[in-house]
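Participant: Whatever this is, show me its structure:
(one chain, ligands or ions: 2)
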Amino acid sequence: MKITDIQVKRLRIPLKKPFKTALRTVEAVEDILITIHTDTGDIGYGEAPPTAVITGDTREGIEGAILGHIKPRLLGLPVVELETIMERLHTALVGNTSAKAAVDMALYDLFARYHQAPLFRLLGGARQTLATDLTISVNDSAEMAEDARQAVLLGYSTLKIKVGKDPQQDLKRIKALRQTLGDGVTLRLDANQGWTPREAVKLIRQMEEADLGIELVEQPVKAGDLEGLKYVTQQVETLILADESVFSPLDALRIMQERAADLINIKLMKTGGIHQALKICALAEIYGMECMMGCMLESRLSVAAAAHVAAGRNIITRCDLDGPGLCADDPWQGGPVFDHAAITMSKEAGLGIVPGPTFDQYISQPFSSFSATPQKKM
Ligand SMILES: C[C@H](N)C(=O)N[C@H](CCC(=O)O)C(=O)O
Ligand SMILES: [Mg+2]
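Facilitator: Numbering: from 1, shown residues only. Ligands and ions are numbered 1, 2, ... in the order given. Down below sits the predicted model:
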C-alpha cells in the first residue's frame, strides 16, 4: 500500500449555536479535510481546524503546509513503514501541528486498515466506550444556565463551562449554574488563559469556599506563563489542567517535571497528531499524571481519531470530545458512535469513517493550489 496522492478540500459545517470562549466566537466548523490515496485504492481521511488563536494555524497555512511541504516528502512511501513516514512528516517543517495532525491521522487510518483492525485496538485497546463532556459557551448567566439545563436533559453528566472572558462575572455565573443544576452534575471550567495568576487563585479559592464542587480548572493563565500556572496549581485544592501550555511531548515533560499542573489536555491539533500524542501518554504514565483527550472545533472525523487514542490508552481518564455534539450535522458515516455523552468504538478497520450521504453539501475546494514538486535536501 503506497501513497500515490494527497488531496485537500474545505469542510464547513454550521454549529448548533455560536461557540464562545475567552479567546474567540465561532459560528461554524471550517476545517481542512485531506484524503491520502494509495495504489491499492484505499483512502485515508484526515481533518484539521484552523484554530489561529491557539495553534497559529490558518486554513491557507494548513493547505500550504500539506501540499507544498508534506505531500512531496510522502509520495511513493509504503504506509506500512509508519515510523519512517512519521519521521518524514515531522521533519517536513517546524510547527504547523494542525496540518501534521490531519496527515498523521489519515496515515494511521490507512495503517490500521492495512492491518484490518480498528485503530484503537492497535493503540492499546484499553476500552470500547468513552464519556465526553459538553462545552457551555460563555454568555450571560441565564443563557448559560439554560444551555446547561438542556445539556443535562440530553444526558450529559459532565459540563465544561467556558469562563475567563469577564473575570468579574465568573464567580456569579458559576454560582448561578450550580444552583440551577444541583449537585448531580460535574462541572469543569476552562478559562482559556483569561485570568491572571492572582485572579485565578482568588476566584478558585472563592469557588472552593462556596463549595461549588468544581472538578478541575483548565488553562487559567497565559499559555507561556508556566510559573503562573505552577503558582495557581500550588495555591489551590482544585485540580489544574494544562491545555494551551502543552503542545509537544517536551512541553508535557516540563509541566510534569515542574508539577506545574495536575493534569494535561492532549489534543491532536496541538501535538501534530497521534504519533506525538502517544509520546505524551507514555510520559504521563511514567509520571503518573492523568490526561484528558480534547478537541478543537472539529467534525466527527478528527474527533474520532482522538477517540481512538483515548480508547487505546488507560492514562486518558477524561474526554472533552464534544465537536460532533456542537455541529448541526454529521457528514460522515461509520466509525465511533457519538450519542451525546456516550462514545462507542466500532468494529470497522482504521478510523472506520467514510463520507456519508450529506457530505458533498459541506465541501468546497481550496482557493489556491500549490506545487507538489519534491524538495531537495540542501
Ligand atoms: C471544543 C472543545 N470542547 C473546546 O472547548 N476546545 C477549546 C478550544 C476550541 C476552540 O477555540 O476551537 C479548548 O479546550 O480550549
Ligand atoms: Mg481548553
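
Participant: Give me the domain ranges for the protein.
Facilitator: 3-117+357-362, 120-355 (automatic domain parsing).

Participant: in the helix or strand containing residue 148, what counts as buried?
Facilitator: Element membership for residue 148, per DSSP states H and E: helix 141-153. For helix 141-153, burial by neighbour count (16 or more other Cβ atoms under 10 Å) applies to 141, 144, 145, 147, 148, 151, 152. (Each C-beta comes from the backbone N, C-alpha and C, glycine too.)

Participant: What of stretch 101-117?
Facilitator: Buried-residue list, stretch 101-117, by 16+ other Cβ under 10 Å: 101-114, 117.

Participant: I'd like the distance from that stretch to the chain centre, please.
Facilitator: 18 Å (Cα atoms, centre = their mean, to the nearest Å).

Participant: Can it be said to contact ligand 1?
Facilitator: No - Stretch 101-117 does not reach ligand 1 (Cβ under 6 Å from any ligand atom); its nearest approach is 13.5 Å.

Participant: and that stretch, C-alpha only, in PDB?
Facilitator: Taking C-alpha atoms only, stretch 101-117 is exported to PDB below (Å, rounded to 0.1, in the frame of the first residue of the first chain):
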ATOM      1  CA  ALA A 101      -2.300  16.100  12.700                       C
ATOM      2  CA  ALA A 102      -4.500  15.800   9.600                       C
ATOM      3  CA  VAL A 103      -1.900  13.900   7.700                       C
ATOM      4  CA  ASP A 104      -0.900  11.800  10.700                       C
ATOM      5  CA  MET A 105      -4.500  10.600  11.400                       C
ATOM      6  CA  ALA A 106      -5.000   9.800   7.700                       C
ATOM      7  CA  LEU A 107      -1.800   7.700   7.800                       C
ATOM      8  CA  TYR A 108      -2.900   5.900  11.000                       C
ATOM      9  CA  ASP A 109      -6.300   5.300   9.300                       C
ATOM     10  CA  LEU A 110      -4.500   3.600   6.400                       C
ATOM     11  CA  PHE A 111      -2.100   1.700   8.600                       C
ATOM     12  CA  ALA A 112      -4.900   0.200  10.700                       C
ATOM     13  CA  ARG A 113      -6.900  -0.500   7.500                       C
ATOM     14  CA  TYR A 114      -3.900  -2.400   6.200                       C
ATOM     15  CA  HIS A 115      -3.800  -4.400   9.400                       C
ATOM     16  CA  GLN A 116      -7.600  -4.900   9.200                       C
ATOM     17  CA  ALA A 117      -8.100  -3.600  12.800                       C
END
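
Participant: picking that back up, what's the closest of the buried residues of helix 141-153 to ligand 1?
Facilitator: residue 151 (12.2 Å; Cβ to the nearest ligand atom).

Participant: Find the centremost residue of the chain, please.
Facilitator: By Cα atoms, centre = their mean, the chain has its centre lying nearest to residue 295, at 1.9 Å.

Participant: how close does it sit to residue 44?
Facilitator: Per Cβ to Cβ, to the nearest Å, residue 295 is found 19 Å from residue 44.

Participant: quick one: the strands in the stretch 201-350 of the chain?
Facilitator: Assigned by DSSP state E, counting those that start in this stretch, the stretch 201-350 of the chain shows strands spanning 214-218, 239-242, 263-266, 291-294, 316-320, 332-333, 337-339, 342-344.
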